[in-house]
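Enquirer: any chance you can model this:
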Amino acid sequence: MSYIGNTPSGVDLNNSYIGNSPFTTSHIDNFNGDGSTTAFTLTKTPASTDDEFFLVFVDNVYQREGGSYAFTVSGSTITFTSAPSSGTNNIQVYQLGSEGIISTISDGTVTTDKLGTSAVETAKINDDAVTTAKIADDAVTISQVDSSSVTLGFRNKIMGGNFSTNPWQRGTSFTNPANDAYSADRWKVARSSDAAVDVKRTEDAPTVAQAGVYTKHCLHLDVTTADTSIGAGQYFQIRQPIEGYNLLDLGFGQSGTRYVTLSFWHKHTKTGTYSIALANSDFSRNYIAEYTQSTTNTWEKAEVTFAVDTSGTWNDTNGIGLWVRWILSVGSTYNGGTVGSWSTDMDISTSNQVNALDSTDNNFKIALTQLEAGQTATAFENRSVGQELDLCQRYFERTGVLSNTSYDNSGSLTFVAYHPGETSGAQFRVWKRATPTIGLYSNANVANQLSGNTNTATAGYIGETGFAYIARSGNTTPAGYTGHYEANAEL
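Expert: Predicted coordinates:
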């Protein structure tokens, strides 16, 4: 039979319950209390001395932790903190079997056939409880990985977002670059402003403790001439165009509910509200979000989630699929936007946008920029420098030495003569997005020339993989020359 309240002495806990017993006992000891003895010797050494392996009753009262007769077990001795009262067999000690209670799981012992259907739920797993050693060999297969929650490779749609591994092929410092000029690979300035702003790579970044990844550099915009009064139609922004092919999985312009999340670290001198703006290729669809620099000149992280647009015209081939824009300043013509929805307005910020160009003390820095599918900002995808170079050279490639601002003998190519007035061409290192424009330079950094010849040099039969020859105007004698090329297929 079953009991309500205290269990009488001598009851078999394995057989006194309706249904299956909640206990599996491996041994029972009965002792006589005398009012003074606190330590008793168990007739069987327990497999574990943890409290959860024992049920102890004194005078038919279950001894809970912290009660009058709290106990400890060491070896084969059970010791009470207070001496149990006198009585015959008034102390009962039940040692529970190992079935049903698992203190420690041996590495590699939990296999699929030992788990019931839907037995393991997220809420039942402690943080950091599952380690590699506890997963049996071959337990996780590709079919068990949810493809919607795990993206293997190229999760980050931003190229060159780590400014330490960004190739910086054009150099690492740019004095007040003009509108639409590139600086770091894949990053360009868009401006209509009276301010002067230098763009450069600076050794300053969030710590590995902050960001979870080690990086040394940031993209740094340094105000050298202030603009304290922004005209209505003026603006200044740093932005990246993303190729349509690289956005196919995000589904812009398609029906359904999807999201993208932009995350980045920022360190701005000017505190306050800044705007981030997404747009399609012709800026007919725009989405504005805000982030805040709370403390001046301090690295802080921003995470912004955008709903993927289900309407409008979106390039899904090799043109501009998406603009991602960081706003430094904007006049009244473009700063009346609304946060949190797609619009046909041309606004690029809200009216809350600060003027980050109002002082020559101002610096605008960003690092570890990432755009990915979903509503959660995951850890930064840290691609290798070689991968980043390959990605960036689809759009721009040059010979010579990376980050050099001019051309010399280092890394120059030899163009072999094969026809009067013409030399051989070159094959590109990376297949280009589209047919590029070719710039030719001598080893003395003279444009449209090759070294050893002052005649104008022009590339011919240009394709996405290279150019076939170089024509030299006025030359009729076959000769070979050295020099450099730039192949520009930027968006």
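
Enquirer: buried stuff in the worst-scoring helix or strand of the chain on mean pLDDT?
Expert: Lowest on mean pLDDT, DSSP states H and E among the helices and strands of the chain sits strand 417-419, with a mean of 78. Using 16 or more other C-beta atoms under 10 Å as the test for burial, strand 417-419 gives residue 417. All C-beta spots, glycine's among them, are computed from the backbone N, C-alpha and C.

Enquirer: and what of stretch 50-58?
Expert: 53, 54, 55, 56, 57, 58.

Enquirer: would you mind giving those as CSV with pLDDT, secondary structure and distance to residue 404 added?
Expert: Below are those laid out as CSV (pLDDT from 0 to 100; DSSP: H, G, I helix; E, B strand; the rest coil; distance: C-beta to C-beta, whole Å):
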residue, pLDDT, secondary structure, distance to residue 404
53, 83, helix, 72
54, 86, strand, 76
55, 88, strand, 79
56, 90, strand, 80
57, 90, strand, 85
58, 90, strand, 86
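
Enquirer: of all the residues you listed, which comes closest to residue 289?
Expert: Distance to residue 289 across the buried residues of stretch 50-58 (C-beta to C-beta) is lowest for residue 53, with 55.9 Å.

Enquirer: what about the closest one, distance to residue 47?
Expert: Residue 53 is 7 Å from residue 47, where distance means C-beta to C-beta, to the nearest Å.

Enquirer: which residues are common contacts for these two?
Expert: Contact criterion C-beta atoms under 8 Å, 6 or more residues apart in numbering; residues shared by residue 53 and residue 47: residue 95.

Enquirer: hmm, residue 185 and residue 167 touching each other?
Expert: Yes - applying C-beta atoms under 8 Å, one finds residue 167 in contact with residue 185, separated by 5.0 Å.

Enquirer: any common contacting residues for the two?
Expert: Contacts common to residue 167 and residue 185, judged by C-beta under 8 Å, 6+ apart, are 160, 388, 392.

Enquirer: hang on, isn't the last one packed against residue 167?
Expert: Yes - checked against C-beta under 8 Å, the pair residue 392 and residue 167 is within contact range at 5.3 Å.

Enquirer: format the buried residues of stretch 50-58 as a markdown table; extra columns: distance to residue 484.
Expert: Below are those laid out as a markdown table (distance: C-beta to C-beta, whole Å):
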| residue | distance to residue 484 |
| --- | --- |
| 53 | 77 |
| 54 | 82 |
| 55 | 84 |
| 56 | 86 |
| 57 | 91 |
| 58 | 92 |
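
Enquirer: now the strands for the stretch 1-150 of the chain?
Expert: Assigned by DSSP state E, counting those that start in this stretch, the strands in the stretch 1-150 of the chain fall at 25-33, 39-41, 54-58, 61-62, 71-74, 77-80, 87-96.

Enquirer: redo these as TSV? Include distance to residue 283.
Expert: What follows is those, written out as TSV (distance: least, C-beta to C-beta, whole Å):
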stretch	distance to residue 283
strand 25-33	76
strand 39-41	84
strand 54-58	73
strand 61-62	74
strand 71-74	74
strand 77-80	79
strand 87-96	71
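
Enquirer: can you list the domain ranges for this protein.
Expert: Domain assignment for the chain by automatic domain parsing gives 1-144, 173-383, 396-488.

Enquirer: end-to-end on the shortest one?
Expert: Distances were taken as C-alpha to C-alpha, to the nearest Å; on that basis the terminal residues of domain 396-488 are 5 Å apart.

Enquirer: next one: it to chain centre, how far?
Expert: Relative to the centre of its chain, domain 396-488 is centred 39 Å away, using C-alpha atoms, centre = their mean, to the nearest Å.

Enquirer: which of the domains of the chain sits most buried?
Expert: Among the domains of the chain, domain 173-383 has the highest mean neighbour count (mean count of other C-beta atoms under 10 Å), at a mean of 18.

Enquirer: pLDDT value on residue 99, please?
Expert: Listed pLDDT for residue 99 reads 48.

Enquirer: list the contacts of residue 91.
Expert: 30, 31, 32, 33, 40, 56, 57, 58, 84.

Enquirer: list the contacts of the closest residue to the fifth one other than its chain neighbours.
Expert: Think residue 40. Leaving aside its sequence neighbours, residue 40 sits nearest to residue 31 (C-beta to C-beta, 6 or more residues apart in numbering; 4.8 Å). Under the criterion of C-beta under 8 Å, 6+ apart, the neighbours of residue 31 are 40, 84, 89, 90, 91, 92, 93.

Enquirer: chain neighbours aside, what residue packs nearest to the third one?
Expert: Nearest-residue entry for residue 89: residue 30, 4.3 Å, with adjacent residues in sequence omitted and distances by C-beta to C-beta, 6+ apart.

Enquirer: quick check: the one you found vs residue 417, distance?
Expert: From residue 30 to residue 417 the distance is 108 Å (C-beta to C-beta).

Enquirer: what's the distance between the spatially most central residue of the chain and residue 489?
Expert: With distances taken as C-alpha atoms, centre = their mean, the residue of the chain nearest its centroid is residue 380 (2.4 Å). Applying C-beta to C-beta, the value for residue 380 to residue 489 is 27 Å.

Enquirer: low pLDDT regions in the stretch 351-491 of the chain?
Expert: 476 (pLDDT under 70).

Enquirer: helices along this protein, start to end?
Expert: 208-211, 385-392 (DSSP state H).

Enquirer: out of the ones you listed, nearest to residue 293?
Expert: Of all the helices of the chain, it is helix 208-211 that lies closest to residue 293, at 15.3 Å by C-beta to C-beta.

Enquirer: farthest pair in the contacts of residue 91?
Expert: Every pair of the contacts of residue 91 checked by C-beta to C-beta; the farthest is 32 and 56, at 14.9 Å.

Enquirer: about what we covered before: distance to residue 153 for the domains of the chain - can I get that in a markdown table?
Expert: Converted to a markdown table, these look like this (distance: least, C-beta to C-beta, whole Å):
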| stretch | distance to residue 153 |
| --- | --- |
| domain 1-144 | 14 |
| domain 173-383 | 8 |
| domain 396-488 | 18 |
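
Enquirer: so which of the ones you listed gets nearest residue 155?
Expert: domain 173-383 (4.8 Å).

Enquirer: how about the residue nearest to the centre of the chain, what does it touch?
Expert: So residue 380 contacts 156, 161, 162, 211, 212, 213, 263, 368, 370 (C-beta under 8 Å, 6+ apart).

Enquirer: what bridges to the last one?
Expert: Applying DSSP bridges to residue 370 yields these beta-bridge partners: residue 263.

Enquirer: that one against residue 263, yeah?
Expert: Yes - using C-beta under 8 Å, residue 370 is in contact with residue 263, at 5.1 Å.

Enquirer: touching both of those two, which residues are there?
Expert: 377, 380.

Enquirer: which residues in the stretch 301-450 of the chain form strands?
Expert: Under DSSP E, counting those that start in this stretch, the stretch 301-450 of the chain gives strands at 320-330, 342-343, 363-373, 396-398, 413-415, 417-419, 422-427, 437-441.

Enquirer: of all the ones you listed, which one comes closest to residue 294?
Expert: Taking C-beta to C-beta, strand 363-373 is the member of the strands of the stretch 301-450 of the chain nearest to residue 294, at 14.9 Å.

Enquirer: still on that earlier bit, any idea which of the contacts of residue 380 is the one closest to residue 112?
Expert: residue 212 (31.9 Å).

Enquirer: next up, phi/psi of that closest one, please.
Expert: For residue 212, the backbone dihedrals (degrees, to the nearest 10) come out as phi 80, psi 0.

Enquirer: distance of residue 334 from residue 478?
Expert: 57 Å.
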